[in-house]
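**Q** After the sequence you'll find the predicted model.
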Amino acid sequence: MSLPDDLKKLADLRQNGVLTEQEFAEAKARVIASDAGVKRKKMMGWLLIVFGILMGILVLTGPSKTRNVSELLGTLTLPVIIVAVGCYYAGFIRKAI
């Protein structure tokens, strides 16, 4: 459910007498705080994705000394992991392996 849907549901419960004003205020604060936490987590995910991609570009375009495949894969491991963690936090990957 979205934040507006959750708030409407709480308002309906309050209006129908299921929740008191105090319970409504507490539940509303929890819903809003939870939504803000989800947004922060997604933003952190996007930042990690961008950082990992930029780091990978720097690795690939850095000083061009002769590298074999294993050295290149070794230097790209960290950027790939950072992007993968970013994808998880941003919500692109639903379940961690």
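**A** Ah, there it is.
**Q** Which of the helices or strands spans Gly86?
**A** Gly86 belongs to helix 69-90 when assigned by DSSP states H and E.
**Q** Could you give me the buried positions within that helix?
**A** 75, 79, 82-90 (16 or more other C-beta atoms under 10 Å). Heads up, the C-betas are built off the backbone N, CA and C, glycines and all.
**Q** out of those, who's nearest Gly37?
**A** Nearest to Gly37, judged by C-beta to C-beta, of the buried residues of helix 69-90 is Tyr89 at 11.6 Å.
**Q** Surely that closest one is in contact with Phe51?
**A** No - Tyr89 is beyond contact range of Phe51, at 12.0 Å (criterion: C-beta atoms under 8 Å).
**Q** Report the central residue of this protein.
**A** The centroid of the chain falls nearest to Lys42 when counting by C-alpha atoms, centre = their mean (2.5 Å).
**Q** Now do the contacts for that residue.
**A** Lys42 makes contact with 89-91, according to C-beta atoms under 8 Å, 6 or more residues apart in numbering.
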